[in-house]
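K.L.:
Provided below are the primary sequence and the corresponding predicted coordinates.
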Amino acid sequence: MYAMTVYKKREPWNKNKLIGQKLPLKLQQIWSIRIRLEMSNNLRELALFNLAIDSKLRASDLVALKVRDVCQGTNVQSRAMIIQKKTSHAVQFEITKNTRSSVKNLIAHNRLCADDHLFQSRLSQSDHLSTRQYSRIVNRWIESIDLDPTQYGTHSMRRTKPSLIYKKTKNLRACQLSLGHTKLESTVRYLGIEVEDALEVSENIEC
């Protein structure tokens, strides 16, 4: 007699989960979140939000930024460059006026030095904000303006500015460079550009 092994049926990992790319924020939504953070005087989250939009960095690179990565002496630079953890390739990004101001205020308020992490964790065992903490913060931003948090996430922050750039200029190369992609095809897939273009064409045709 052979013993029969009974395998329990495993549930699919994506059951009851929304799968697909996270939506980028629209300009009005960006300002809605930004104004709420300004009114609450939340220096850390305002700087985090502004720099997330400007830098287009992955969550792991964003939370690990140090003061020296964005500052020259006491001045926040208008451009910065880091080496991406995932690809080991350098990526350059702009830091706009509003973002420079919010980052400068954060550094001054927390009395940060060049070697300090910009976004420090409030947990004693962590040097900086974790990607999980960042994800929770993004969810809170999304909920604050009555959007569905299942449709947005940390990648929404990374996708937002390139999506706005593409809609305004149709310049894929600019989007590719800003995201630090080595292949243009990666940028097309990441932004869902072909799908977006098809939807725009379809919306303009009345049957």
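P.N.:
Nice, thanks for sending it over.

K.L.:
From the chain's centroid, how far away is stretch 142-150?
P.N.:
15 Å (C-alpha atoms, centre = their mean, to the nearest Å).

K.L.:
Check which residues of it are buried.
P.N.:
Buried residues in stretch 142-150, counting neighbours by 16 or more other C-beta atoms under 10 Å, are found at 142, 147. All C-beta atoms are positioned from the backbone trio N, CA, C, and that covers glycine.

K.L.:
all helices for the protein, in order.
P.N.:
27-39, 43-55, 59-63, 67-70, 97-110, 131-144, 154-169, 172-179, 184-191, 193-203 (DSSP state H).

K.L.:
from the ones you listed, which stretch is densest packed?
P.N.:
Each of those was given a mean neighbour count from mean count of other C-beta atoms under 10 Å, and the largest, a mean of 23, is that of helix 43-55.

K.L.:
between it and helix 172-179, what angle do the directions make?
P.N.:
Interaxial angle, helix 43-55 versus helix 172-179 (axes from the mean of the first three to the mean of the last three C-alpha atoms, to 10 degrees): 140 degrees.

K.L.:
can you give me the mean pLDDT across helix 43-55?
P.N.:
Throughout helix 43-55, pLDDT has a mean value of 96.

K.L.:
ok, back up a step: same list, the helices of the chain, but as JSON lines with distance to Val76 please.
P.N.:
Supplementary listing: the helices of the chain in JSON lines, determined by distance: least, C-beta to C-beta, whole Å:
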{"stretch": "helix 27-39", "distance to Val76": "17"}
{"stretch": "helix 43-55", "distance to Val76": "10"}
{"stretch": "helix 59-63", "distance to Val76": "16"}
{"stretch": "helix 67-70", "distance to Val76": "6"}
{"stretch": "helix 97-110", "distance to Val76": "4"}
{"stretch": "helix 131-144", "distance to Val76": "20"}
{"stretch": "helix 154-169", "distance to Val76": "18"}
{"stretch": "helix 172-179", "distance to Val76": "19"}
{"stretch": "helix 184-191", "distance to Val76": "28"}
{"stretch": "helix 193-203", "distance to Val76": "32"}
